[in-house]
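Student: Provide a 3D model corresponding to the input given below.
(3 chains)
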Amino acid sequence: MNKKHKPSSIIYKVFIYVALIALAISIIVPVAWVFMASVKTNSEFIGAGTNPWALPKEFHYQNFITAFRDAQMGEFFLNSVIVTAVALILLLIIALPASYAISRFDFKGRKFLNAMFMAGLFININYIVVPIFLMLSGANKALHVEFFLDNRFILSLIYASSALPFTIYLLSGYFKTLPKGFEEAAYIDGCGHFKTMTKIMIPMAKPSILTVIMFQFLAFWNEYIIAYTLMDDHGTLAMGLKNLMAVERTATNYGIMYAGLVIVMIPVLVLYICVQKQLTQGMTLGGLKG
Amino acid sequence: MNRGKSQRRFVFACLAPAVILVVLFIFVPTINVFRMSLYRMGGITNKKSFVGFSNFIKLMDDKNFLEAMQNSIAIIVLVTLCTIVIAVLFAALLSRGKFKGKNFFRIIFYIPNILSIVVIAGIFGAIYNPSTGLLNTFLEAIHLDGLKHQWMGDPKIVLYSVIFALVWQAIGYYMVMYMASMAAIPEDLYEAASLDGATEIQIFFKVTLPLIWSNIRTTLTFYIISTINLSFLFVQIMTNGGPNGKTEVFLNYMYKQAYGAGVYGYGMAIGVVVFIFSFVLAAIVNKITDREVLEF
Amino acid sequence: MKMKMVKKLVALSLVSAMAVSGLAACGSSKDDDSKSEGDGKVLKVAAFEGGNGTQIWEDIKEAFEKENEGVTVELEMSSELDQDLTKEIQNGDVPDVVYYNLGQESGFTETMLKEGAIADISDVFDDELKGRLLDGILDGTDAQPYGDGKIYLAPIFYTPTGFWYNKNLFEGPNAKYTLPTTWEEFFALGDQAKKDGVSLFTFPQAGYFDATMYTMLAQSGGMDFYKKALQYDADTWTSAEGKKVLDTIGKLVSKDYTQADTVANANADGGFKINQQNVIDGKALFMPNGNWVISEMAASTPSDYEWGMMPAPKWDGDTQQSVYMFTEQMWVPADAPNMDLAKEFVKFMYSDTVVDILLANETTNKETGETSPSPVVAPVKGAAEKLPEGVSQTTKDCYAITNQEGVVSVTGKWATTEPIEGLNMNDAVYKPIESINTGDMTVDDWQKQLVETWQKCAEAAK
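Tutor: Purely as a prediction, here's the structure:
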């Protein structure tokens, strides 16, 4: 450890603090401002002489009630929880064995599959969402059912699929770093492939799994383009917010709009504060060495 | 022999679900995008006629597309450069520096990354508003009126306003990633360096940077992929390409063409070009940043 | 099940045959028909949720159901109707009737027209109905988008458009300025206002120049010139008349006359309202707009404020004054499952019942719960004269303008063409206005771009 203090170190430190504080302020202030704006009345936003920095004249909490009701936040919240949870479970069940197999076994076609998953990284979900929609709607028509669209499970499955290339890339990167000795020992003890994977290898990947969960939780929770295209009555929270923004903007109800932003922001912020330690630790051990 | 067979079975069982899903929900739709780019078809009714490569040929003369391409490349390059420099610097500071509040800063810096794009766009709408925006009213309050700008209106500035928002939301994510790989650098390397009398800055360039180089390389690919995606989501909500195409990016242009102009096939041709572009760009970047990996 | 279907189809075709031959004129027999036709029928009506609120459609639904026993109207209202319908139509779930007008940012109706997915509803407009509608309202390209004499779009609402301003600045005890009638006076006023620190002009979004440009083209070159321009006549923009329009707009939107925040707000999501607010707040004197702006801005308009509207100025020596009639359209998708009932519904929009519902419309302020009159006027003769008590004088004046001596009503839109790759009409025609404001483009660049666009459109015109 370097414990010496050089003469330039004070200037250096001041500079560091200024830089860090500047960035921190640029994050805290706007986020805090949205919280403040969410309890303002409309007249505090529009018209001559309004100051965006002024404190709210009164605590206009009605904005939250209106936003919650108009955006069907209660129902959408539940849908978001279901879709996100199911998608995460599916993702892990599918990605873990795949990453394990592709990183620890040598077999014909491994290179090809690796390349395929890598190529998947470059496919932007934004331009394949309509073909996916057409495919699902075609399946509905072919089978004479109303099953494939507006279905929370299907949405979860598509979320999981869209995250597979990145997750496999991440997890297999981690599995590769583990010494070969683990499996040999397990085989000698009489464990089969499956048992070796579930009992020995996957538990060791816990930090990486945590990283995956955190990343994909945020991605699934905040996603709205796929949800918007595939869902109708069973919308998600991000969709509700997008709708709310569209309606309130045309109606210029700024307070209600910001209240909606806050409602969507809070669960993520709370969760983040609870798990931030594991998140950064997970990344530390997550074998993101590429 | 038997073992080989059971291993093959195991590998197959492990990979089959992932392969099926990736093929079904990623590759088949992508092939459809490629196929539809060869048709002239509407986005709503999907009536179509085969036109071969005509969409691609028209694309080469479409100056709106070329402008969108130019903007997208500028965004990718600038967002990547700014984010890398800031994120690596701050990561080094937070993992090597010795001062109070390290944890606090780490937590705060990651916040933009957890927010929904809709929320971020809402926040930046409030910041950039010309007369009641947080930025301009703040500059006015501290008597720096000269720095006030039409952040969303001045064609010379607006692209940078969008880039700032993108960098703002990306810093935390990459910073934490670089911190992770810095934490993996053995402490004795630093000790050896400082015993040799190296300053913190020298240590940064001689030890830290080379050792996390492979990590930075990996993230370059992420930058390309995610900036293409995020610039679309930001632009769609913040400026919708305006003023007069000055912030148009290619995926937003693709959407406008596919749904707003009745030429869905043409929109898909744009999608194909974007896909190939990002793939080739990633390959080139990978090639030119390839240098001997320092192991520790 | 199948039998029932066939029976219904027969009944339907009978009704439509009768409607076409005009036999349905007799009230009682018509009622019987719609009863037998309507049993258990569901008519899906999709309506854009805009400034007029949703109550108006609930009322129309109720009235239509009352008149057509057994018919249920299923309403779908959304402020992002274009996106919702795109999805539904792709999925094969086509609505029967759609209210979504031309000229929206999304261009949804235009796209449907380009794809040939809107039904020909000329037979709705029989001579009786035509006689009740405002003269000329069905002749423009906003009813006959392909210019082929067939009506595809039913103009259900209309409003005269022009430049909107704060009436108190020009009339009454606190009047500061005199209302200009020519462009020369208009710009002179701009120079005067600048000394007071006020800008002459602002615009909500570049797209709001549509009505202004239509008016100015008709004003500058007369009706024949205007109609040829809508059909992409090659000389439109190189002619003296066309150039005059471009030069005037170029001067108008230059930094000298247009409020500085305009372009920045125009592109930000929802920012068009801030530009409109700037007229209320006195930062700019005029903006192009329509009658809807009153209710759109009601929540943030001071109680003593009064709107005024004047047509876009004329040039020195012009004897006539053009006013553009903005219409909002309803249409029937070509694949609508209940085509005949859908046409009935379109026709119903012009009935006295609906005309009255529209006039009595009110909007509610979400925050305060206050209601204010927000009448909508159908293009039916006499409707504008029936504007109810409590409606502002502005609205009444605004509709009365069209009856004045020497005023010519202008309707129409750029004609619909085959889709053109890489061309978005709105962006190509109006967006350069932003670049002229910021100094990125000159009027000559704009003219060049328009000539190119007109060439492409003329080639792709049906």
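Student: Low-confidence stretches in the chain?
Tutor: Using chain A here. Along chain A, the model assigns pLDDT under 70 to residues A:1-8, A:47-49, A:248-252, A:278-290.
Student: Correction: the question concerned chain B.
Tutor: Looking along chain B with the criterion set at pLDDT under 70, you get B:1-3, B:292-296.
Student: the helices in it, which residues?
Tutor: Along chain B, counting by DSSP state H, helices occupy B:2-22, B:28-36, B:54-61, B:63-96, B:102-114, B:117-128, B:134-141, B:158-183, B:187-195, B:200-203, B:209-211, B:213-238, B:250-255, B:264-288.
Student: How about the contacts made by the most centrally placed residue in chain A?
Tutor: Closest residue to the average C-alpha location of chain A: A:L218 at 1.8 Å, with Cα atoms, centre = their mean. If you count contacts by Cβ atoms under 8 Å, 6 or more residues apart in numbering or on different chains, A:L218 has them with A:268, B:113-114. Yep, even glycine has a C-beta here, placed from its N, CA and C like the rest.
Student: So which bits of the helix or strand where it lies are buried?
Tutor: For A:L218, the enclosing helix or strand under DSSP states H and E is helix A:206-222. Across helix A:206-222, burial judged by 16 or more other Cβ atoms under 10 Å in any protein chain shown covers A:207-218, A:220-222.
Student: And stretch C:172-187, by the same measure?
Tutor: By neighbour count with 16+ other Cβ under 10 Å, stretch C:172-187 contains the buried residues C:179-180, C:183, C:186-187.
Student: How about residues contacting that stretch?
Tutor: With Cβ under 8 Å, 6+ apart as the criterion, stretch C:172-187 contacts C:168-170, C:188-189, C:192-193, C:196, C:200, C:248, C:251-252, C:257, C:285, C:308, C:310, C:313-316, C:318, C:321.
Student: For that stretch, what is the distance to the chain centroid?
Tutor: 27 Å (Cα atoms, centre = their mean, to the nearest Å).
Student: who does the helix or strand hosting A:L134 touch, helix- and strand-wise?
Tutor: In this assignment (DSSP H and E), A:L134 forms part of helix A:125-143. Judged by 3 or more Cβ pairs under 8 Å, 6 or more residues apart in numbering or on different chains; DSSP states H and E, helix A:125-143 is in contact with helix A:152-177, helix A:225-230, helix B:28-36, helix B:213-238, helix B:250-255, helix B:264-288, helix C:81-90.
Student: Kindly reformat the ones you listed as JSON lines and extend each row with distance to A:F105 and mean neighbour count.
Tutor: Shown next, in JSON lines, are the helices and strands packed on helix A:125-143 (distance: least, Cβ to Cβ, whole Å; neighbours: other Cβ atoms under 10 Å in any protein chain shown):
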{"stretch": "helix A:152-177", "distance to A:F105": "10", "mean neighbour count": "22"}
{"stretch": "helix A:225-230", "distance to A:F105": "33", "mean neighbour count": "21"}
{"stretch": "helix B:28-36", "distance to A:F105": "27", "mean neighbour count": "18"}
{"stretch": "helix B:213-238", "distance to A:F105": "23", "mean neighbour count": "21"}
{"stretch": "helix B:250-255", "distance to A:F105": "37", "mean neighbour count": "24"}
{"stretch": "helix B:264-288", "distance to A:F105": "26", "mean neighbour count": "20"}
{"stretch": "helix C:81-90", "distance to A:F105": "43", "mean neighbour count": "20"}
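Student: residue contacts, the residue of the stretch 101-250 of chain B found nearest chain C?
Tutor: When distances are taken as Cβ to the nearest Cβ, the stretch 101-250 of chain B reaches nearest to chain C at B:G153, 2.8 Å away. Taking Cβ under 8 Å, 6+ apart, we find B:G153 in contact with B:130, B:243, C:261-267, C:438.
Student: Can you give me the distance of the residue nearest to the spatial centre of chain B to B:T221?
Tutor: The centre of chain B sits closest to B:T227, judged by Cα atoms, centre = their mean, with a distance of 1.9 Å. In this view, B:T227 and B:T221 are 11 Å apart by Cβ to Cβ, to the nearest Å.
Student: next one: C:D235
Tutor: Separation of C:D235 from B:T221 (Cβ to Cβ) stands at 53 Å.
Student: which of the buried residues of helix A:206-222 lies closest to chain B?
Tutor: A:N222 (4.0 Å).
Student: on that earlier part again, hang on, the residue nearest to the centre of chain B packs against B:I75?
Tutor: Yes - using Cβ atoms under 8 Å, B:T227 is in contact with B:I75, at 6.3 Å.
Student: Now the common contact residues for the two.
Tutor: B:L166.
Student: Which of the helices or strands spans C:F286?
Tutor: Going by DSSP H and E, C:F286 is in strand C:284-289.
Student: counting contacts, what elements does that strand pack onto?
Tutor: Secondary-structure packing of strand C:284-289 (3+ Cβ pairs under 8 Å, 6+ apart): strand C:154-166, helix C:183-195, strand C:199-201, helix C:209-230, helix C:272-280.
Student: Reformat these as JSON lines; add mean pLDDT and distance to B:A126.
Tutor: Formatted as JSON lines, the helices and strands packed on strand C:284-289 follow (pLDDT from 0 to 100; distance: least, Cβ to Cβ, whole Å):
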{"stretch": "strand C:154-166", "mean pLDDT": "93", "distance to B:A126": "27"}
{"stretch": "helix C:183-195", "mean pLDDT": "96", "distance to B:A126": "30"}
{"stretch": "strand C:199-201", "mean pLDDT": "97", "distance to B:A126": "24"}
{"stretch": "helix C:209-230", "mean pLDDT": "94", "distance to B:A126": "28"}
{"stretch": "helix C:272-280", "mean pLDDT": "91", "distance to B:A126": "12"}
